[in-house]
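1. I'd like to go over a predicted model; first the sequence, then the structure.
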Amino acid sequence: MEALLAELAAIVGAEHVLADPDLVAGYTTDWTRRFRGSARCVIRPGDAREVSRALLACARHAAPVVPQGGNTGLVGGGVALDGDAVVMSTRRLRRLGPVDTLAGQVTAGAGVTIAELRAHAARAGLEYGVDLAARESATVGGTIATNAGGIHTIRYGATRAQLLGLEAVLADGSVISRLGGIQADNTGYELTQLLAGSEGTLGVITAARLRLWAAEPPALTVLAGLPGIEAAAAASAEVRSLLPGVRAAEYFEAAGLALVRAHAGLPAPLGSDYPCYLLADISAADGDTERLMALRFLADAAVAMDAQARAGLWAYRERHTEAISAAGIPHKLDVALPVARLAAFRAELDEVIAKAGARAIVFGHIGAGNLHVNVLGPDPGDPAVDDAVLRLAAAHGGTISAEHGIGRAKAAMLYLSRSAAEIAAMRAVKSALDPGGLLNPGVLFEPPVH
Ligand code: FAD
Ligand code: 2HG
Ligand code: ZN
């Protein structure tokens, strides 16, 4: 152990090797507090060359490596659970290139946060397509590794769709780099996309070349009260069919709203209470506002046009995650369903949750068919409710992870969404690129990986 620490200190500098348990603790507990572990140390390399040399040193000492960005992941993929591992924090990889306005692209280091990237693009009159409530901490590398979705997925796609190339270090220390930003490039396997969503199991991403979009005019935000999820899905579809500029279509329910209001001290958003709510952001062109106001479901709705009022409405949706965490340690089950199955899934979910003696807070990105089922009550170590909810989603033709990934939380249940043939192919890729199982063992696949 001492030998490994000395080697790592020689590579990244002693000040960037953290072994003091108090300092390491922040890197070995996840954002939800459901996953707590320990690590030999945390290292904070400053560039791809240091990442490469550090990976080789860890391999020589048989120390597994857990890549970590902002540690906002919600499936336990970025924290070391057993004390042998080395956490490799990418937060020092903060190079942020000038915005290439001709191509509408930018190169960003893996440790740049989404808030920094979005602000950088905005200064050039452009927009980065991914945004999420964890924006102040979530990193470029972490969002690529999880293929993060977020509030604008229905407008711009998930992180994958923003990705034109990346720089990454593979388990054997080799560096792959495609940061040239060439959009038309048919030269064999698409390694960039292979690493997107790989959750730190195939390589350590050190930088990325990202697509930027033309900034849209300030959006209009609408919050409407509705009688049920079916009505919310129908309202979301109605807005999208009538207006081209829908940037977000989000969903939450009375139980979540009550938690958020109590936690944040917010007033009721509308004159009456409703079972559920649709929050939509619309980049309205001339004439669209009148068409919007004519929509039937807007019987009781708040409409905000200026930034402060819009933020006020968004708080009811965006503060769900923190309000739930303040109430307990949640089981986070992030499913997506065919939109036509949402109502049936939601009705049966109540029975599953009642059987578990738990309570569920349900919200999400309804425009993408994505529901975040947060279950409070069961012990953090008890997977029974996870199993039941994910089985229910699979039975309705849904996926067990819409945007947060598989991580450690769902590795044992990957088979619910992927066939045996697919899992075998995925394991073959893992074994080819990381034959020693150096990177993030236990994430995505249950061990052993061979
Ligand atoms: P981490 O949590 O540090 O790591 C996540 C995974 O990526 C781990 O498996 C880790 O090993 C791997 N990883 C990290 N960096 C690298 C790298 N450089 N190279 C290789 N592997 C790496 N997610 C959504 O999709 N949509 C949302 O709307 C959303 N909202 C959120 C709101 C809140 C309040 C919170 C707390 C989380 C939210 N998340 C959301 C989840 C989380 O923010 C995303 O999963 C995000 O992509 C994680 O980024 P991170 O930098 O924190 O990564
Ligand atoms: C969101 O959409 C995030 O707010 C977090 O994906 C979801 O806390 C959650 O379950
Ligand atoms: Zn989400």
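-> Right, received. Where do you want to start? Ligands and ions are numbered 1, 2, ... in the order given.
2. who's in contact with the lowest-mean-pLDDT helix or strand in the chain?
-> The weakest-scoring helix or strand in the chain, judged by mean pLDDT, DSSP states H and E, is helix 288-293 (a mean of 74). With C-beta atoms under 8 Å, 6 or more residues apart in numbering as the test, helix 288-293 has contacts from Leu220, Val222, Val239, Leu242, Leu243, Gly245, Ile282, Ala284, Leu298, Val303. (Each C-beta comes from the backbone N, C-alpha and C, glycine too.)
3. isn't the second one right up against Met305?
-> No: between Val222 and Met305 no contact is recorded; they are 10.2 Å apart, counting by C-beta atoms under 8 Å.
4. higher neighbour count, the two?
-> Between Val222 and Met305, counted using other C-beta atoms under 10 Å, the more crowded position is Val222 (24 against 12).
5. Can you name the residues bridging to the more buried one?
-> Beta bridges link Val222 to Ala280, Val303 when assigned by DSSP bridges.
6. Just the pLDDT at it, thanks.
-> We have a pLDDT of 93 for Val222.
7. Considering only the contacts of helix 288-293, which also neighbour ligand 1?
-> Among these, no residue is within reach of ligand 1 (C-beta under 6 Å from any ligand atom).
8. of those residues, buried ones?
-> Leu220, Val222, Val239, Leu243, Gly245, Ile282, Ala284, Leu298, Val303 (16 or more other C-beta atoms under 10 Å).
9. Of those, which one scores lowest on pLDDT?
-> Lowest pLDDT among these: Ala284, 73.
10. ok, that residue - contacts?
-> Pro217, Ala219, Leu220, Leu243, Gly245, Leu292.
11. farthest-separated two in these?
-> Farthest apart among the contacts of Ala284 by C-beta to C-beta are Pro217 and Leu292. That separation is 14.2 Å.
12. and the two? which has more neighbours close in?
-> Ranked by neighbour count (other C-beta under 10 Å), Pro217 and Leu292 place Leu292 first, with 19 against 9.
13. Mind telling me what element Val385 is part of?
-> helix 384-395 (DSSP states H and E).
14. And the contacts of the helix or strand following that helix?
-> Downstream of helix 384-395, the first helix or strand assigned by DSSP H and E is helix 420-433. With C-beta under 8 Å, 6+ apart as the test, helix 420-433 has contacts from 170-171, 194, 201-203, 414-415, 418, 444-445, 449-450.
15. ok, then the element right after the one helix or strand Ala233 maps to?
-> Element membership for Ala233, per DSSP H and E: helix 229-242. Sequence-wise, the next helix or strand downstream of helix 229-242 (DSSP H and E) is strand 246-253.
16. quick one: contacts of that following strand?
-> By C-beta under 8 Å, 6+ apart, strand 246-253 touches 151-152, 154-155, 216, 219, 229, 232, 236, 239-240, 275-283, 316-317, 320, 361-367, 371.
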